[in-house]
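> Any chance you can model this:
(2 chains)
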Number of protein chains: 2
Amino acid sequence: MSQGINRYKADLREIRFRLFEHFGLGDLLGAPPFEDWDQETVNMILAEVYQFACDEIGPTNSVGDQEGCKLVDGVVTTPTGFKKAWKKLNDAGYRNMSAPEKLGGSGAPFSVGVCAEEFIAGANAAFAMYPGLTIGAAEVIAHFGEERELDLYARRMFAGEWAGTMCLTEPQAGSDVGAATTKAAKQADGTYKIEGTKIFISAGDHDLTDNIIHLVLARTEAAPVGTKGLSLFIVPRNKIGPNGEVLGNNDVTVGSLEHKMGINGSSTAVLNFGDNGDCVGELVGTEECRGMRQMFHMMNFARIGVGLQGLSVASSAYLNALAYAKERKQGPNIREWKNPEAPKVPIIQHPDVRRMLVDMKARVEGIRALILKLANHTDRQRALDGKDADKAAYHQGQVDLLVPIVKAYASDQAFRICETAIQTYGGAGYLRDHPVEQYCRDSKIFSIYEGTNHIQAMDLVGRKLAQRGGANVQAFAADVGKFIAANKNHPRLATGVGELANAMDSLTQTAMKFMGWFQSGELELVPLSANCFLELMAETAIGWLLLDGAVIAAAKSAAIEDDNEDKAFYEGKVKSAQFFARNVLPLVPARAKVIANGDRSALEIPDTGL
Amino acid sequence: MSQGINRYKADLREIRFRLFEHFGLGDLLGAPPFEDWDQETVNMILAEVYQFACDEIGPTNSVGDQEGCKLVDGVVTTPTGFKKAWKKLNDAGYRNMSAPEKLGGSGAPFSVGVCAEEFIAGANAAFAMYPGLTIGAAEVIAHFGEERELDLYARRMFAGEWAGTMCLTEPQAGSDVGAATTKAAKQADGTYKIEGTKIFISAGDHDLTDNIIHLVLARTEAAPVGTKGLSLFIVPRNKIGPNGEVLGNNDVTVGSLEHKMGINGSSTAVLNFGDNGDCVGELVGTEECRGMRQMFHMMNFARIGVGLQGLSVASSAYLNALAYAKERKQGPNIREWKNPEAPKVPIIQHPDVRRMLVDMKARVEGIRALILKLANHTDRQRALDGKDADKAAYHQGQVDLLVPIVKAYASDQAFRICETAIQTYGGAGYLRDHPVEQYCRDSKIFSIYEGTNHIQAMDLVGRKLAQRGGANVQAFAADVGKFIAANKNHPRLATGVGELANAMDSLTQTAMKFMGWFQSGELELVPLSANCFLELMAETAIGWLLLDGAVIAAAKSAAIEDDNEDKAFYEGKVKSAQFFARNVLPLVPARAKVIANGDRSALEIPDTGL
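Predicted coordinates for the structure are as follows:
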């Protein structure tokens, strides 16, 4: 077994295609708020970050998986190499590229930050959680905290001097966050005594930094029940002296570390706050009972982040399987299958292997297109903010609409794509010698944390479809409709565009169906089919974006000679979009019909008959 | 983390339903060749084996996963408890129940042996491979070997005194078995010198027995290339003296053990034969170049065995998730979702959780029905053999047809069902404290070994559809057609029967399409869609069997009072069959249409455009 060898792979050419040729990021560069950026700089930075991820983070991935985190005498140690990678990442300044400079970022477009994060998360998904959660927690403090809190906590977190976490989940609560019972008792000096237990805390304790700033959801005395009574507190692991120096433990202890299926390099901790009545926290900002709103601010980014984890791992799984399929020789060409003397061919030549490869490619690139479309909307919203309120609201609306889809679809598919990657390798894929089985194990958590995928689906059908009076989903349908009208007679892609039109029609009808169930009070049918609806909307969106990219690629392919090295690249976009449109989109209307039938068997089956 | 606690679960009531109420095994008992068996004995034995699996094997499952097998100084040790479980299993005599008594069995119907094997494999899939491979190898020797070989080797293997393996795969060959290069050179005394390396040898070396009898595929001098030149050799790990005593090593050494995603308790070995020119084997039987045929004899059973592994693990994953969903309280009823003071309910009440549970139930029980249908055909074939050649041939034909479907569909679905079970648990499912994540990891190999699922799909479309001039598949369609005709107006199940009719029609048309591609020479389209066809045939078959069982259950439910404890059981069969018929079967025609379109994108995409 060859441990520690860097095997992380990403596809820079494809990423450049999506950013510039497909989504026209170039339009936004050189003008506020991206006046310091041009295409060359973006390409250079992304190539740098990719190289960094391969060289400095990638080698820690299988080591982290095998060693895991250890808790000995209350002290958590991270796997070999994590401290060094943490330091190098902070020194390199790649952690928070799209944040404003005053928050430790580089002011890059969100689209660029997203690509950088794909590389970092893909190189080691478990490791990337330490900086990811730190940045997320720091942003909450920077956004909702007072200037003093920003200075005392957030700046050091942005700089990587201290780390951060988000502490929501409790043993009895789980997805039902409002059932949290951790207590916060206000003291005479304005601070709060914190007491309670939080579980599943990612990066919950470690040896990467001198201090960890926990953001803890807790209930103040006399606060109402449910989510409305929750406040958010800054609870440092270690007390902080008057000059910001790190003192002794703030009565925050690690109850245990979880043993998991994957992401073993991430310490998933049970944290006990105030077992000895000596845990002190301070409120984020000045108002109590704002905890859920403050958490939700960060949650959009966190959910996009999980979608990105799915993309990054799935993409490297696909690219590793592709490399293996090109190299591994086995069996003859199908036309020679009866001839034992026929030469052995690389397995990429076998139709079933090609099917798996193009399926993975279409899904990976479709998910990336969806995430970068979302990021592009974010960047356009930022560019238009204060200039064109309607257009800015349109872009923000698309972001809101797409977040749950990105989180849920990318995470579900990541696991399935890793499954296909393992199958492409055959027996070798089941071995720890190759990276795909770890990707598969790591990816299974993505569908669960940061709001399970059912919570995402309920967010989509219960909130997002009706948001702004339905304007967001109508604008989405109009965008797809415009594409269909413009390309329904496309010489190479008309069949696929026809499948897209059918899918979009059935999606719209299904959305109406959900509205109907809300109105008629058939409430149980909504959660019963919400996950399926989210999948159909994701596949329709991805079908659209793949075809949209393929129209551009087909034109570019037609304009260059056959011996141009980009020819195969562009043809690959056309063929994989066709594959998705002809193999995945045709199932959307069939599945929509299943939803519309409103089968109640799952509701009616007796509990004791299950 | 609570290690070693038995958490294996199976559903005896459901198994009795399938055996007796659904497939009428009772018809066959009390008459040759099952004259010593009655329903009560079967139920008693199965309850005993289940209890044994829970008590004696189940506790070794997570221990085996965590410890794995170890290779130190050329010696392989199995995890704690495996030796004891091996001894107890042999003492209990549950390993080979459906074999004739002269081969160490109990002469039970195959259906009963299959259920016993479900319990043993489900309690510890990795452990079950040691007895499973031993029995398989012993049966090959018993069937094809001379009486002397049966006495010297097979009897001790059936008794568990010695173990056995199947050594096919070589590094450069993989699925392309005919590329094997291991050499067998005939000696003056009639034995053969064996020289070569085999990889991925399950149960390849261990400390459970004094000797291991390897069955090795190798090529004799001057034998033709390809599979036709392969012979099968008995190669004991340790030499055997004139009185059957175990002597020193037969120049068989363990190159390494693989580190895998799962089934860590099974030693997956690289075996080197004859590195020092001193490895001696003997031919199975008396004729060279019969190796593939001899292996194939065993392969039907091995493939059913892998399908059973999938079933057993998936079933326990489902039943564990069900138990968790009944116990775990979280969130209010959907109708109270805005009321933070509403009581928390067990998550089984949430519609999305019910959807996952009934989906798992339908798939698990559908796969069990498919395997027990196959087993029932085997038993009827045995009962009719020599009495009614036509009917016996019909039953044997159905067995042949169903084997690749059972292997591939059960193994693919096992992984997906485990995925759903993890999601049902939420975050807890990702932890090693609960059994489902191990089931998920263990199950991923099932789609790969004993012939990848693509090999199964090609066996189905390339051999089985055309077998006996198409008579097998026509008889299958006739059986389904008879059921549809009899039940198309069923008062409770007519909608589902209608979906089955649509699925069956499209399946038949798709089978014709494959025949057409063979005839027109569009050979690449066959492997491109073979896996999808196998899935559609599996889902049609499962839809049929679930509905078939539901018709029986509906009648029984109608005949008993509401307070009868079987009422919910029978209603569960009706509702889960409805669920499958209305949610899964409607996609069969849509997917069949995708196959029929013959999209060639995956073939046309340039390699460098992937």
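> Show me the domain layout of chain A.
Chain A breaks down by automatic domain parsing into domains covering A:12-156, A:163-291, A:469-610.
> Is there any residue in the first one that contacts chain B?
By that I understand domain A:12-156. No - if you take CB under 8 Å from any CB of the partner chain as the test, domain A:12-156 misses chain B, and the best it gets is 8.9 Å. Where you see a C-beta, it was placed from the backbone N, CA and C, and this is true even at glycine.
> Now do the end-to-end distance for that domain.
Between the opening and closing residues of domain A:12-156 there is a gap of 32 Å (CA to CA, to the nearest Å).
> Next: stretch A:323-341.
One end of stretch A:323-341 to the other measures 26 Å (CA to CA).
> Then stretch A:511-528?
Terminal residues of stretch A:511-528 are spaced 14 Å apart (CA to CA).
> How far away from the center of its chain is it?
Centroid separation for stretch A:511-528 versus its chain: 28 Å, with CA atoms, centre = their mean, to the nearest Å.
> ok, residues contacting it?
Here stretch A:511-528 makes contact (CB atoms under 8 Å, 6 or more residues apart in numbering or on different chains) with A:454, A:457-458, A:461-462, A:465-466, A:473, A:529-530, A:533, A:595-596, A:598, A:600, A:602-603, B:334-335, B:350-352, B:354-355.
> ok, now with 7 Å
A:458, A:461-462, A:465, A:473, A:533, A:595-596, A:598, A:602-603, B:334-335, B:350-352, B:355 (CB atoms under 7 Å, 6 or more residues apart in numbering or on different chains).
> Skipping adjacent residues, who's closest to A:Gly136 in space?
Beyond its immediate neighbours in the sequence, the residue positioned closest to A:Gly136 (CB to CB, 6 or more residues apart in numbering or on different chains) is A:Met298, lying 5.2 Å away.
> was I right about the one you found contacting A:Val140?
Yes - proximity of A:Met298 to A:Val140 meets the contact threshold set by CB atoms under 7 Å, at 4.8 Å.
> Would you list the strands that the longest strand along chain A pairs with, along with their directions?
Longest among the strand segments of chain A by residue count, using DSSP state E, is strand A:192-202. Strand A:192-202 has its sheet partners listed here by DSSP bridges as strand A:183-186 (antiparallel), strand A:268-273 (antiparallel), strand A:280-283 (antiparallel).
> Determine which of those strands approaches B:Glu245 most closely.
When those are ranked by proximity to B:Glu245, the top entry is strand A:268-273, at 53.9 Å, counting by CB to CB.
> packing partners for the one helix or strand A:Ser315 maps to?
In this structure, A:Ser315 sits in helix A:291-327 according to DSSP states H and E. Using 3 or more CB pairs under 7 Å, 6 or more residues apart in numbering or on different chains; DSSP states H and E as the contact definition, the elements that helix A:291-327 packs against are helix A:110-123, helix A:125-144, strand A:230-236, helix A:351-384, helix A:389-425, helix A:436-443.
> Does anything pack onto the longest one? Which helices or strands?
Same thing as helix A:389-425. helix A:291-327, helix A:351-384, helix A:436-443, helix A:453-459, helix A:471-487, helix A:525-558.
> The stretch 451-600 of chain A against chain B: which residues are in contact?
Applying CB under 7 Å from any CB of the partner chain, we find that the stretch 451-600 of chain A lies next to chain B at A:452, A:454, A:523-524, A:527-528, A:531, A:568-569, A:571-572, A:575-576, A:578-579, A:582-583, A:586-587, A:590-591, A:593-594, A:597, A:599.
> Take those and keep only those in helices.
Mapping those onto helices (DSSP state H) picks out A:454, A:527-528, A:531, A:568-569, A:571-572, A:575-576, A:578-579, A:582-583, A:587, A:590-591, A:593-594, A:597.
> from those, which would you call buried?
Listed as buried from those are A:454, A:527-528, A:531, A:568-569, A:571-572, A:575-576, A:578-579, A:582-583, A:587, A:590-591, A:594; burial here means 16 or more other CB atoms under 10 Å in any protein chain shown.
> show me where pLDDT drops low in chain A?
Flagging of chain A using pLDDT under 70 yields the residue ranges A:1-6.
> So which residue is dead centre in it?
Within chain A, one residue has its C-alpha closest to the average C-alpha position: by CA atoms, centre = their mean, that is A:Gly307, at 2.0 Å.
> For that residue, give me its contacts.
Each residue near A:Gly307 by CB under 7 Å, 6+ apart is listed here: A:Ile371, A:Val406, A:Lys407, A:Ala410, A:Ser411.
> will you turn those into CSV that also has neighbour count and distance to B:Ala163?
Converted to CSV, those look like this (neighbours: other CB atoms under 10 Å in any protein chain shown; distance: CB to CB, whole Å):
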residue, neighbour count, distance to B:Ala163
A:Ile371, 25, 51
A:Val406, 27, 51
A:Lys407, 33, 49
A:Ala410, 32, 45
A:Ser411, 30, 42
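> sorry, back to before: could you provide the strands paired with strand A:192-202 in a markdown table, with additional columns for mean neighbour count?
Output for those, formatted as a markdown table (neighbours: other CB atoms under 10 Å in any protein chain shown):
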| stretch | mean neighbour count |
| --- | --- |
| strand A:183-186 | 19 |
| strand A:268-273 | 23 |
| strand A:280-283 | 22 |
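> out of those strands, which comes closest to A:Leu547?
The closest approach between A:Leu547 and any of the strands paired with strand A:192-202, judged by CB to CB, belongs to strand A:268-273 at 40.1 Å.
> Hmm, A:Arg95 is touching A:Leu89, no?
Yes - A:Arg95 sits in contact with A:Leu89 when judged by CB under 7 Å, with a separation of 5.9 Å.
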